[in-house]
Every structure is written in structure tokens, then in C-alpha cells.
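Student: Give the three-dimensional model of this entry:
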Amino acid sequence: MTIDESISENKNPAQSTPETAETEAVREIPVTESTTTASAEPVELQTDSIPKTDSTEATDTEVLAEEKTATPSVEELTRLLTEATLTAQNNWDNLLRKQAEYDNLQKRMERELDNARKYALEKFATELLAVKDSMELGIEAATKPETTLDTVRDGIDLTLKMLTDTMAKFGIQEINPIEEKFNPQWHEAMAMQPVPNVEDGTVLLVHQKGYQLNERLLRPARVVVAKAIQAEKPLENQG
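Tutor: This next block holds a predicted model:
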């Protein structure tokens, strides 16, 4: 094979190499003007020309609605002021009424306390009137010649019983501790007397009875208290 034949074989398109085919394919791709422009210069977006979407319009509507709600009208403000004024007036009236009721209650309590101090003994005094009437009748009967000493004594006993019952009715009890153990809480020792065969501290005599009011001492009983005598030991026989 000659040199010319080998050159002609290399120029044959059917027997071209892969690299030659790719080069030819690249050459066949058309280059448009838009492609060249896009690759050469960057595209700037015009935000002003972009239309607003539905979500943006909804947001603007909500903002306007909130502004209208946040700023009440003059009529609404007037109504709110009127309601607040009426509420304040009602509260003030209620306060004045409560204050007047409190003042009246305080005055009534002071009056009741004053009456309690003044008339605390009203019931007791009423019961004592019957005792006084009995004593006056006894004195009047004693002046009559036909009245005996026994009759006077019976009248006095009856009057004393009426007085004792009246005192007991109001919680006044007598303290008469004869032959009882001496108690310094209720008794007052006037003297001590040595007595044989008597327990030490026993009340022998009551000079004056005591009285208590509802477990509270009014007057202690004045008494004489026994003092035990120690028995003498017998002398032992000597011798």
C-alpha cells in the first residue's frame, strides 16, 4: 500500500475515530443568541414587577382589621365611659350603705353593753324584793302583842330560806367547811387549836361562812383549824 492510499483511508468518514465523531457532534450544536447572553450576563430580578400573592393580600387585610380593632371609635369609648361611671357610682353607694350599717351596729352594741352594765343585776334584784317583803312582814308581826317568839323564829327561818334559794338560783353558794380538811384556796385560818384524837388540819369551827359565785371565790370562810397533839410515850420501868 502506498502512502497516498493510507492517507485516503484516514480521510474516509466511515472509518473515523471516536474522538473525531465527538468533535464533529460538538460542531453541529447550534449556538443561539439567548444562550450566549444568559451565560455572559447575570439576570437581575425586578421585585417591583412581581405581583403580590394571595397570602400577602390576606396579611395586609388582617393588619388593617387589627388596627381597626385596636383603635375603638368615639361611640365605643363613650359607651365604656358611661358604664364605668355607673359602676363606680354603684360601688360608692354600696360603700356608703355598708358604712352606715356598720355605724348603726356599733352604736347598738355600745348601747347594749351599757344597758348590760346598768341592769346586769335586774333579775337578781327582782328576786330579792320578795326576801325584803318577807323581812318587813316579820318585823311588823314582831311588834304585835299576840306574836310569840316561836312565830318570829319561824318567819326568820322562812325568810332565810328564800334568800338562800335566791342566791343559789344565781350561782351563789355558801362555804361551810365544818369538820372538813382545811383548804387555803377557800378557807382562811383564824387560829389553830391543839385537839387530841383529831387529824391535823381539820376545821373545828367556822367563825364566818364563805361564798363563791360560779366557782369563783367571793369571800373565804374564816375558820379555826385543829392541830394534832403528839401522844407522849409511856415511861419504861427501870430496874
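Student: rest of the way, CA atoms for contacts and neighbours
Tutor: Noted.
Student: Which parts of this structure are helices?
Tutor: For the chain, the helices defined by DSSP state H occupy 3-10, 18-28, 33-40, 54-70, 74-118, 122-142, 149-169.
Student: Could you list the low-confidence segments of the protein?
Tutor: Low-confidence segments of the chain (pLDDT under 70): 1-58, 60, 63-70, 230-239.
Student: can I see the domain layout of it?
Tutor: The chain is divided into the following domains under automatic domain parsing: 68-120, 121-170, 171-229.
Student: if you compare the ones you listed, which one is most tucked away?
Tutor: With neighbours defined as mean count of other Cα atoms under 10 Å, these peak in mean count at domain 171-229, which reaches a mean of 17.
Student: returning to what we had before: nearest to Thr59, of the domains of the chain?
Tutor: Closest to Thr59 of the domains of the chain, according to Cα to Cα: domain 68-120, at 14.4 Å.
Student: Setting aside sequence neighbours, what's the nearest residue to Pro221?
Tutor: Actually, residue 221 is Ala rather than Pro. The shortest distance from Ala221 to any residue other than its chain neighbours is 3.9 Å, reached at Gly210 (Cα to Cα, 6 or more residues apart in numbering).
Student: Quick check, that neighbour in contact with Arg219.
Tutor: Yes - the criterion here is Cα atoms under 8 Å, and Gly210 meets it with Arg219 at 5.0 Å.
Student: thinking again about what came up before, tabulate the domains of the chain (a markdown table), appending distance to Thr61.
Tutor: Formatted as a markdown table, those follow (distance: least, Cα to Cα, whole Å):
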| stretch | distance to Thr61 |
| --- | --- |
| domain 68-120 | 11 |
| domain 121-170 | 86 |
| domain 171-229 | 86 |
